[in-house]
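S.K.: Provided below for reference: sequence and predicted model.
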Amino acid sequence: MAARVAGEPAAPERILSSARTEFAARGYDKASIRAIARGAEVDPALVHHYFGTKEQVFEKAVETAFSPAVAARDQALAVDLDQVGETMTRFIFRVWGNAVTREPLLAIVRSAVNNETAAAIFRRLVTRQLLSVLAGRLTAPDAELRVELAVAQLVGTAMLRYVIKVEPLASTDAEVLIARLAPVVQHHLTGADLGIAGAGRELTGTDRD
């Protein structure tokens, strides 16, 4: 192979970049170490040397692609609890609104949806680095559920806006959406919990009878 140009990314970085591209284009099942190596312009043995099996390559690629979410976690930990909803909402719009940070996340999500091994890796990383850490800030007994609902609200909105591009959600000004979403996310995290019995009364209206 030709000598690498000075300043060009080193082999591990090229391998991870190629892996994200391969997983995005072909999914976990069809991606191969050989194809990843070809995209990085290295020998397949070097992929194994740095990262091991395909499962281990995927996990490392997930970790690097997941770094924006870790940054969001750190921002949420740094602000007062009553500001976490807006902080998380603004960060999600910033990350998903930028193609550079959106595409690696999409590559991981696509693979996780279609393969249980990939899904298990993604689940483990999300739980360890995001959900459990944020839940640690809350005092409610259902803290983990609250954080999962908040994240689901934001990721679902991001998918509809930036991937599926449902209108008018896709073209509405981000600030308008943030203003509507942030209080909902905040309520998931810190709002009063009606409980199942209370929610049932709210829905059926039996308290008004």
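M.R.: Cool, got the structure. Residues are numbered from 1 along each chain as shown.
S.K.: can you list the weak-confidence ranges in the chain?
M.R.: 1-9, 193-209 (pLDDT under 70).
S.K.: Select the longest helix from it.
M.R.: helix 11-30 (DSSP state H).
S.K.: So which elements touch it?
M.R.: helix 33-40, helix 44-51, helix 54-65, helix 99-114, helix 116-126 (3 or more CB pairs under 8 Å, 6 or more residues apart in numbering; DSSP states H and E). (C-beta placed from N, C-alpha, C; glycine too.)
S.K.: now the angle between helix 44-51 and that helix, please.
M.R.: Using axes from the mean of the first three to the mean of the last three CA atoms, to 10 degrees, the inter-axis angle of helix 11-30 relative to helix 44-51 is 100 degrees.
S.K.: what angle do helix 11-30 and helix 54-65 make?
M.R.: Using the same axes, to 10 degrees: helix 11-30 against helix 54-65 is 120 degrees.
S.K.: who touches helix 11-30?
M.R.: Residues from elsewhere that reach helix 11-30 (CB atoms under 8 Å, 6 or more residues apart in numbering): 9, 31-32, 35-42, 46-47, 50-51, 54, 57-58, 60-61, 64-65, 103-104, 106-108, 110-112, 114-115, 117-118.
S.K.: related to what we said a few turns ago, dump the helices and strands packed on helix 11-30 into CSV; add mean neighbour count and distance to Q186 as well.
M.R.: Converted to CSV, these look like this (neighbours: other CB atoms under 10 Å; distance: least, CB to CB, whole Å):
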stretch, mean neighbour count, distance to Q186
helix 33-40, 19, 41
helix 44-51, 16, 39
helix 54-65, 20, 27
helix 99-114, 18, 23
helix 116-126, 17, 21
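S.K.: Figure out which of these is closest to P168.
M.R.: When these are compared for distance to P168 using CB to CB, the nearest one is helix 99-114, at 20.2 Å.
S.K.: which other residues reach the closest one?
M.R.: 20-21, 23-24, 27-29, 31, 58, 61-62, 64-66, 68-69, 95-96, 118-119, 121-123, 162-163.
S.K.: and if we set it to 6 Å?
M.R.: If you take CB atoms under 6 Å, 6 or more residues apart in numbering as the criterion, helix 99-114 is touched by 20, 23-24, 27-28, 62, 65, 68, 95-96, 118-119, 122.
S.K.: Return the alpha-carbon coordinates of it using CSV.
M.R.: The C-alpha coordinates for helix 99-114 follow below in CSV (Å, rounded to 0.1, in the frame of the first residue of the first chain):
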residue,chain,number,x,y,z
ALA,A,99,-25.6,15.8,9.5
VAL,A,100,-22.0,15.2,10.8
THR,A,101,-23.2,14.1,14.2
ARG,A,102,-26.5,12.6,13.0
GLU,A,103,-25.2,10.1,10.5
PRO,A,104,-23.0,8.0,12.9
LEU,A,105,-25.9,7.7,15.3
LEU,A,106,-28.2,6.6,12.5
ALA,A,107,-25.7,3.9,11.6
ILE,A,108,-25.9,2.5,15.1
VAL,A,109,-29.6,2.7,15.4
ARG,A,110,-30.2,0.9,12.0
SER,A,111,-27.9,-1.9,13.0
ALA,A,112,-29.5,-2.2,16.5
VAL,A,113,-33.0,-2.4,15.1
ASN,A,114,-32.2,-5.3,12.8
